[in-house]
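Asks: coordinates only, sequence not included:
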Ligand SMILES: [Zn+2]
């Protein structure tokens, strides 16, 4: 993503080498556009030994399955983000458990995501699909769908299985 105008003063941006990298910056006010990855958080949730996956309602990867997860708001903690996303997409109130892993998501066309995956422990029983989740399904860990949206999600599921001593 490149920008035409400075978000601070509206002046034209130019590209200069800063700290060894070409970055857009504003000669008028000194603004530098540091393009950072976007943190996201989500959860592995097991219900009766089966993994909860949500089906993506929107692009990218519409119709594919993924862990309930989403991008962090500026004011959130990673755990707070995971709790909010799970509530929005599944209706479940969760307790955030162990950290499963942190993953670099380079197959999301929107941005370079850094996905933080926790174990999510449901505090309520009923789930229903909401927000950008079209539907929800529980999958046995040895019979996961082929079309899982992001490599980071597939890796997190593998890491969880290894962590939990589950053979898949
Ligand atoms: Zn400026």
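Replies: Nice, I can see it. Bear in mind that the values here come from a model prediction, so they are computed numbers and not experimental data.

Asks: ok, now which ones touch the residue lying farthest from the centre of the chain?
Replies: No residue in the chain sits farther from the centre than residue 28, which is 35.8 Å out by Cα atoms, centre = their mean. With contact taken as Cβ atoms under 8 Å, 6 or more residues apart in numbering, residue 28 is in contact with 6, 9, 11. For glycine as for every other residue, the C-beta is placed from the backbone atoms N, C-alpha and C.

Asks: and with 6 Å instead?
Replies: Applying Cβ atoms under 6 Å, 6 or more residues apart in numbering, we find residue 28 in contact with 9, 11.

Asks: how about the helix or strand hosting residue 153: buried residues?
Replies: Taking DSSP states H and E as the criterion, residue 153 maps to helix 151-164. Residues of helix 151-164 classed as buried by neighbour count (16 or more other Cβ atoms under 10 Å): 152-153, 155-157, 160-161.

Asks: which residues are contacting that helix?
Replies: Contact with helix 151-164 is made by 44, 66-67, 100-101, 103, 105, 107, 115, 117, 148, 168, as judged by Cβ under 6 Å, 6+ apart.

Asks: what packs against the lowest-mean-pLDDT helix or strand in the chain?
Replies: Least confident helix or strand, the chain: strand 133-140 with a mean of 90, by mean pLDDT, DSSP states H and E. Packing partners of strand 133-140 (3 or more Cβ pairs under 6 Å, 6 or more residues apart in numbering; DSSP states H and E): strand 50-56.

Asks: Distance from the helix or strand following the strand it packs on to the middle of the chain?
Replies: Counting by DSSP H and E, the element after strand 50-56 in chain order, helix or strand, is strand 65-66. For strand 65-66, the distance from its own C-alpha centre to the chain's C-alpha centre is 11 Å (Cα atoms, centre = their mean, to the nearest Å).

Asks: can you pull the pLDDT of the residue farthest from the centre of the chain?
Replies: pLDDT recorded at residue 28 is 97.

Asks: Residue 115 versus residue 161, what's the distance?
Replies: Applying Cβ to Cβ, to the nearest Å, the value for residue 161 to residue 115 is 17 Å.

Asks: Show me the shaky parts of the chain.
Replies: Residues of the chain that meet the criterion pLDDT under 70 lie in 168.

Asks: Helix 151-164 and the strand ranked longest in the chain, what's the angle between them?
Replies: Counting residues, the longest strand found in the chain (DSSP state E) is strand 94-105. For strand 94-105 against helix 151-164, the angle by axes from the mean of the first three to the mean of the last three Cα atoms, to 10 degrees is 120 degrees.
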